[in-house]
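Colleague: Got a predicted structure plus its sequence, pasted below:
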Amino acid sequence: REAALDNLRERVALERLSEDQRAEILRTGLTKRCPSTYAKTVELLCCNWLKSCKFDPIALLDKLNPVLNENVCEQAAQVLLRVTSAIDCETSTEKGVELVRKHFGAPEIRSLRQQVLVKRNIIPDVPRGTDDDNDEEEKLEPPSLSPSMALFLRVKIDFAAHNKSELISEIITDIPTLCNLLNSHIDTLIAFHESDEYDEMDEDDIAAYEDDKNFISLQLIHMAKPSEVLSEEGSRRHFLTIMRRILARLATPDDLVEACVKAMAAAHDKEAQFLQTVSEILVDVEDDDTFHSNLHDEKAIVIVRQMRIIAILSIVLESLSAQMVDHPIMDGFFQHLSPAITSKNAIVREHGVICLSKFCLLSSAEKVMEEFEPLLMTIAGSVEERV
């Protein structure tokens, strides 16, 4: 394996490898099970691939496709940040760092540090023209934040061990800025679904566009999770308001629901307050009348509403602590779930019953036998469930 990695570093240019091959090399090489293979993979990544990209980590991540290979790209970003932080430290004992140091002279080390550690922000500095029409067009699209940049900045926040608050301010500026950008990406995706362009594109192009927007939105949500980000009460309240609005909006992509719920849970000091917020969101979901489209009749909108309630409750129930099982608000949750459990739509009913099973796991045996078993037996004996 080490000889193969040396051959790749010495003889094979990054451009000669396919995207899948690049990802597979990192996936199998960046494993702690074999320290020597790991070090050789770090050497390949930094001394061949990163160098061929002029030490630009964003350009390298673009060639790895973070949307399809998020875990691999996250590992690569961590390696780049760790090597760059330790490469001019003679006391570093990591073998991978030592191998990289042997290949680089002082100018290359300086370029490496400048490119990887340069200050970056989620709002890129984009020069704007003076033409009024161009300005109007720019307002329709959120500031350009690529999937690679979003992932790298999120990993940089997670990786920081010192001066984390300063780094967060440098990257996201403040919570309102992050939330505005998140809203812009979600609004752009929703507008895309309602545009003529959506009808003209093929399925693969639509999926690629949706995946990019969802990926960037998820990275932005994850950036707000560290406790330092929401240390101020005003920032925390603003973030919770935005998360509540996103979850209650039926047009919000389903791929964002889990991340929003978990981020919202992390932003609450007390679990009881979190459950109260969830209860209010469920009411908002049932009251949302902004989801209009020629493609959706009333029955379809009811199904979307019920699936959103199921998605939110499923995530909440999976993370609920034992102390909150008997909280009175749980009865309210069940009332929101009941219409889905007895729905005539097979998919909604199936997911509703799965969610109900999570209620059963958290409830006492008496409650399961008295309340949930009769309901499940009624569903099992219904006409809709007959084969």
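Modeller: The structure has been received and is ready for your questions.

Colleague: Lowest-scoring secondary structure element of the protein by mean pLDDT?
Modeller: None of the helices or strands of the chain scores lower by mean pLDDT, DSSP states H and E than helix 132-140, at a mean of 46.

Colleague: Could you give the backbone dihedrals for T93?
Modeller: Main-chain torsions, T93, degrees, to the nearest 10: phi -110, psi 0.

Colleague: now it: how far from A39?
Modeller: Noted for T93: a distance of 11 Å to A39, by C-beta to C-beta, to the nearest Å. C-beta here means a position set from N, CA and C on the backbone, and glycine is covered the same way.

Colleague: How far off centre is stretch 329-340?
Modeller: Here stretch 329-340 is found 28 Å from its chain centre; the criterion is C-alpha atoms, centre = their mean, to the nearest Å.

Colleague: whoops, stretch 350-368 was the one
Modeller: 28 Å.

Colleague: tell me which residues in the helix or strand harbouring A272 are buried?
Modeller: Assigned by DSSP states H and E, A272 falls within helix 271-287. In terms of neighbour count (16 or more other C-beta atoms under 10 Å), helix 271-287 has its buried residues at F274, L275, T277, V278, S279, I281, L282, V285.

Colleague: Same check on stretch 241-260?
Modeller: Quick answer for stretch 241-260 (16+ other C-beta under 10 Å): 242-253, 256-260.

Colleague: out of those residues, which are inside helices?
Modeller: Mapping these onto helices (DSSP state H) picks out I242, M243, R244, R245, I246, L247, A248, V257, E258, A259, C260.

Colleague: ok, and what's touching stretch 104-122?
Modeller: With contact meaning C-beta atoms under 8 Å, 6 or more residues apart in numbering, stretch 104-122 is reached by 46-47, 50-51, 54-57, 80-81, 83-85, 87-88, 101, 145, 149-150, 152-153, 156, 170-173, 177-178, 181, 220, 223.

Colleague: Grab the most central residue of this protein for me.
Modeller: With distances taken as C-alpha atoms, centre = their mean, the residue of the chain nearest its centroid is L218 (2.6 Å).

Colleague: Give me the distance between the two termini of stretch 284-297.
Modeller: Distance between the boundary residues of stretch 284-297 (C-alpha to C-alpha, to the nearest Å) amounts to 20 Å.

Colleague: what's the nearest residue to L275 if we skip its chain neighbours?
Modeller: Spatial nearest neighbour of L275, excluding adjacent residues (C-beta to C-beta, 6 or more residues apart in numbering): I329 at 4.9 Å.

Colleague: Quick one: residues contacting that neighbour.
Modeller: I329 neighbours (C-beta under 8 Å, 6+ apart): A272, L275, Q276, S279.

Colleague: And it, how far from L178?
Modeller: I329 is 29 Å from L178, by C-beta to C-beta.

Colleague: With D56 instead?
Modeller: 24 Å.

Colleague: any idea of the mean pLDDT for stretch 262-269?
Modeller: For stretch 262-269, mean pLDDT rounds to 90.

Colleague: And the strands in the protein?
Modeller: Remark: no strands are assigned in the chain by DSSP state E.

Colleague: Could you list the low-pLDDT ranges of the stretch 1-150 of the chain?
Modeller: 91, 125-143 (pLDDT under 70).

Colleague: And for the stretch 201-350 of the chain?
Modeller: 227, 292-296.

Colleague: and A160, how far is that from L182?
Modeller: On the measure of C-beta to C-beta, A160 and L182 end up 21 Å apart.

Colleague: more crowded one of those two?
Modeller: L182 (26 against 18; other C-beta atoms under 10 Å).

Colleague: Make sure the more buried one is actually in contact with L220.
Modeller: Yes. With contact defined as C-beta atoms under 8 Å, L182 reaches L220; the gap is 4.6 Å.

Colleague: more crowded one of D56 and L178?
Modeller: L178 (24 against 15).

Colleague: ok, that one - contacts?
Modeller: With C-beta under 8 Å, 6+ apart, L178 has these contacts: I122, I172, L220, M223, A224.

Colleague: These, buried ones only, as a PyMOL selection?
Modeller: Applying 16+ other C-beta under 10 Å to the contacts of L178, the buried members can be selected in PyMOL as follows:
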select buried, resi 122+172+220+223+224
